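The following block contains a protein sequence and its predicted model.
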Amino acid sequence: MSGRMDVLIVEDEVLLAMDIEAMVEDSGHTVLAGATCVEEVKALPRDINPQLALVDVHLAHGSSGFDACRIIQQRWPDALVVFVTANASKIPNDFLGAHGVIAKPFSHAGVISTLKYLAEGVFDPPPTLARPASFQPSPHLRQRWVG
Amino acid sequence: MTGSPTRPGEPLAVYEIEGLSGDPELERLVRFAAELCGCPTALVSLVDETHQRFVAKVGLQANETPRSMSFCAHAMVENCVMEVPDARLDPRFCDNPLVTGAPHIRFYAGAPLVSPQGAPLGSVCVISPEPRVALSDHQRSGLTVLADAVMSRLEARRVLLTKQAWEEAAEADPAASEKRFRVLADAMPQMVWSTRPDGYHDYYNARWYEFTGARPGDTEGNGWNGQFHPDDQAHAWDLWRRSLETGEPYEVEYRLRRFDGQYRWTLGRALPIRDEHGKITRWFGTCTEIHEQRLLSEDKDLVSRELSHRIKNIFQVIGSMIRLSSRGEPTLKAYGLKLSEQVTALGRAYDYVRVQEGTSAMTLQGMLREVFGAYNMNGVERVRIHGEEVFLSEHVMTPLALTFHELATNAAKYGALTSSTGTIDLTITRHDDLLQFEWEESGSLVLHSTERRGFGSELIAASIERQLGGRFTREWLPTGLKATATIPFVEDGAV
């Protein structure tokens, strides 16, 4: 165990949010807060310090995970932002500064191994674990961790 | 002079007999016929629907008579020389004005003139105002020889005329074919254009001017590009320049400005015309408006992407629900995880649905890679796929996705994927109407070589044998599991 991450979950589908939360906690990390839309992301307490945000692209009330990503990056510049989406092709080439994507439908094994890989990258970069197939890093993260 | 020209379509028309009057060769032939047969009058008489015309004659003033008075019209349908010893005694001719009046025909002998195609054209005849018993055999065969000579003369003329017409047409061809082309091009519903070999546009049909509202001359040369949407101009130029350089057909889709300023999606195509040395002499091109079709297909793509997104979300929700509901139940947790992973594998397979011409076909290897993707390490494939790439319909794809998910899961638990060095080779081969999958594990110790008849095995048997009507066998070799599935093959939506 390389370390315990504090995680934000931005997902409008309650079942999925709960499922992700369970997997995060089963992996030994902590869920700090959840949000279902951009407004809720804005309303998150400012005194928290997440290392990882898992962000769905289609959020409640027609809001976009891309906007949520921008807010998170402004507020917590060091946090890793990973999109979780069934429509990965809609993500711009530069990932808007985000660090990667997990495709839906995700598997339990896929999420667990991704969390392990990211935790190692957060606390002891670059990660020595093999990058799981379920996680696609953004070009800039790939460069940062692979060189 | 003869009268009205022979009507087109008559067998005589091809000889243009109007130009034969006074033909010296025919004149010589009729003079000889008269001498041979001892008759004052000899004629080459050609018969059309209404008249007989005397294109060569001796001993007669008239140039033609109505067909009704013609002896030759009778002679020409015979297959030998027709002789009339005394016309006054022949019921066919006794009241003929040429008998009752001048030139008071009594004796007539005519040899038929028949075209190479077998059409009776007229006769070579001799006429006397004195009745006669008959021609001698020598005279009769001589008249036949003369008829053949006349026919040769007529045929020579026809050949000459055809040759002249061909040469004239060839000489006049540039203008004539250009004119024909313009008439045709203007009648087309498409826009048509043509350029010099260097790509300079020097012709557009009426439809182009009608559609674009451009004035003639506006789009000469390179002016066409200005009619394109600014975002499409560079692309079209690139492709056009490449076609001009290579001579390859030009094909491009762009938005073309209509007369009302609206941009409409258009398909542009052009082909080069080459001379006998292979050198390009012109380019001919068309523009076809495809605006509605293009918007429709964009809509379809959007719907298809949206549908795929929703389907994947549904699978995601089901998978999550199973995991969550089994999480708090220690006895169900492992089962829930396994079931949710199966659902996920199915959901992933849907990524490979392709909507094509009304059928949804999937690429087999794409689907399999998705299913096996979860086992890749650092981007290296643990399950290597070899062989055929085919398109299969969804109803075949789903049982295959379940089968190979099951095999991969088992390999991760008991087989080649339990260690980092093990690999699996999946070889797909097609034998006529069968598709065969060979699954070979290697590089890892075989932990369980006894067959477990769990749900996984049942699922595979049900998928391959019951649903797809195929066969599934497996054996444990020292190197690892070897499984073979064979299913009937029906390709779907082939590209």
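Yes, it's here.

Contact partners for the residue most central in space within chain A?
Taking C-alpha atoms, centre = their mean, the centroid of chain A lies closest to residue A:54, which sits 2.6 Å from it. Counting by C-beta atoms under 8 Å, 6 or more residues apart in numbering or on different chains, residue A:54 makes contact with A:7-11, A:20, A:24, A:82, A:84, A:102. Just so you know, the C-beta spots here come from the backbone N, C-alpha and C atoms, and that holds for glycine as well.

can we see that at 7 Å?
Counting by C-beta atoms under 7 Å, 6 or more residues apart in numbering or on different chains, residue A:54 makes contact with A:7, A:9-10, A:20, A:82, A:84.

so which of these is the most crowded?
Among those, residue A:10 has the most neighbours (other C-beta atoms under 10 Å in any protein chain shown), with 30 neighbours.

What are the phi and psi values at residue A:83?
phi -80, psi 150 (degrees, to the nearest 10).

got it, and residue B:114?
Main-chain torsions, residue B:114, degrees, to the nearest 10: phi -120, psi 130.

Residues touching the worst-scoring helix or strand of chain A on mean pLDDT, excluding its own?
For chain A, scoring each helix and strand by mean pLDDT, DSSP states H and E identifies helix A:139-146 as the least confident one, at a mean of 88. Contacts to helix A:139-146, defined as C-beta under 7 Å, 6+ apart, come from residues A:99-100, A:121, A:125-127.

Tell me the buried residues in it?
A:141, A:145 (16 or more other C-beta atoms under 10 Å in any protein chain shown).

cool, and stretch A:37-53?
Using 16+ other C-beta under 10 Å as the test for burial, stretch A:37-53 gives A:37-38, A:40-41, A:44, A:50-53.

Select from these every entry located in helices.
If you go by DSSP state H, the buried residues of stretch A:37-53 have A:38, A:40-41 in helices.

can you put these in TSV and add distance to chain B and pLDDT?
TSV is the format used below for these (distance: C-beta to the nearest C-beta, whole Å; pLDDT from 0 to 100):
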residue	distance to chain B	pLDDT
A:38	19	94
A:40	20	93
A:41	21	95
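
of all these, which comes closest to residue A:67?
Checking these against residue A:67 with C-beta to C-beta, the nearest one is residue A:38 at 4.9 Å.

Nearest spatial neighbour of that closest one, chain-adjacent residues omitted?
Distance criterion C-beta to C-beta, 6 or more residues apart in numbering or on different chains; nearest residue to residue A:38, sequence neighbours excluded, is residue A:63 at 3.9 Å.

Next, work out how far apart the one you found and chain B are.
17 Å (C-beta to the nearest C-beta, to the nearest Å).

Now for that residue, how many residues are close by?
A count of nearby residues for residue A:63, using other C-beta under 10 Å, gives 19.

tell me which parts of chain A are close to chain B?
A:13, A:15-16, A:18-19, A:22, A:86-87, A:104-110, A:130-131, A:133-134 (C-beta under 7 Å from any C-beta of the partner chain).

Restricted to helices, list those residues.
Members of those lying in helices (criterion: DSSP H): A:15-16, A:18-19, A:22, A:108-110.

among these, which one has the lowest pLDDT?
The member of these with the lowest pLDDT is residue A:15, at 83.

Would you agree that residue is in contact with residue B:321?
Yes - with contact defined as C-beta atoms under 7 Å, residue A:15 counts as touching residue B:321 (5.6 Å).

picking that back up, tell me the pLDDT at the residue nearest to residue A:38?
Looking at residue A:63, its pLDDT is 92.

Between the ones in helices among the buried residues of stretch A:37-53, which sits nearest residue B:111?
residue A:38 (108.5 Å).

and the contacts of helix A:139-146, which are buried?
Burial by neighbour count, judged by 16+ other C-beta under 10 Å, picks out A:99-100, A:121, A:127 from the contacts of helix A:139-146.

I'd like those residues as CSV, with secondary structure and pLDDT appended.
Shown next, in CSV, are these (DSSP: H, G, I helix; E, B strand; the rest coil; pLDDT from 0 to 100):
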residue, secondary structure, pLDDT
A:99, coil, 95
A:100, strand, 95
A:121, helix, 91
A:127, coil, 89
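
Specify which member of those is nearest to residue B:299.
Closest to residue B:299 out of those is residue A:100 (31.7 Å), distances taken as C-beta to C-beta.

List of residues touching stretch A:66-83?
With C-beta under 7 Å, 6+ apart as the contact definition, stretch A:66-83 has outside contacts at A:10, A:38, A:41-42, A:46, A:49-55, A:57, A:59, A:65, A:91, A:96-102, A:118, A:122.

Buried residues in that stretch, which are they?
Buried-residue list, stretch A:66-83, by 16+ other C-beta under 10 Å: A:66-73, A:76, A:79-83.

pLDDT on that stretch, on average?
Taken as a whole, stretch A:66-83 has an average pLDDT of 95.

and that stretch, C-alpha only, in CSV?
Taking C-alpha atoms only, stretch A:66-83 is exported to CSV below (Å, rounded to 0.1, in the frame of the first residue of the first chain):
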residue,chain,number,x,y,z
PHE,A,66,-15.4,19.3,-18.6
ASP,A,67,-16.5,22.4,-16.7
ALA,A,68,-16.2,20.5,-13.4
CYS,A,69,-12.7,19.5,-14.4
ARG,A,70,-11.7,23.2,-14.9
ILE,A,71,-13.1,24.2,-11.5
ILE,A,72,-11.3,21.3,-9.7
GLN,A,73,-8.0,22.2,-11.4
GLN,A,74,-8.3,25.9,-10.4
ARG,A,75,-9.1,25.0,-6.8
TRP,A,76,-6.8,22.0,-6.4
PRO,A,77,-4.0,22.3,-8.9
ASP,A,78,-2.2,19.2,-7.7
ALA,A,79,-5.1,16.8,-7.8
LEU,A,80,-5.3,14.2,-10.5
VAL,A,81,-8.5,14.4,-12.6
VAL,A,82,-9.7,11.2,-14.3
PHE,A,83,-12.7,11.2,-16.5
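
Make TSV from the contacts of helix A:139-146 and add distance to residue B:260 to it.
Output for the contacts of helix A:139-146, formatted as TSV (distance: C-beta to C-beta, whole Å):
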residue	distance to residue B:260
A:99	49
A:100	48
A:121	58
A:125	60
A:126	59
A:127	60
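
Out of these, which comes closest to residue B:238?
residue A:100 (35.3 Å).

Identify the bridge partners of the closest one.
Per DSSP bridges, the residues bridged to residue A:100 are residue A:82, residue A:137.

any idea how far it is from residue A:44?
In this view, residue A:100 and residue A:44 are 21 Å apart by C-beta to C-beta, to the nearest Å.

Tell me which stretches of the stretch 51-200 of chain B form helices.
Assigned by DSSP state H, counting those that start in this stretch, the helices in the stretch 51-200 of chain B fall at B:72-75, B:97-100, B:137-187.

now swap in the stretch 351-495 of chain B and tell me
Under the criterion DSSP H, counting those that start in this stretch, the stretch 351-495 of chain B contains helices at B:364-372, B:394-414, B:455-460.

Of these, which shows the lowest average pLDDT?
The minimum mean pLDDT among the helices of the stretch 351-495 of chain B belongs to helix B:455-460 (a mean of 76).
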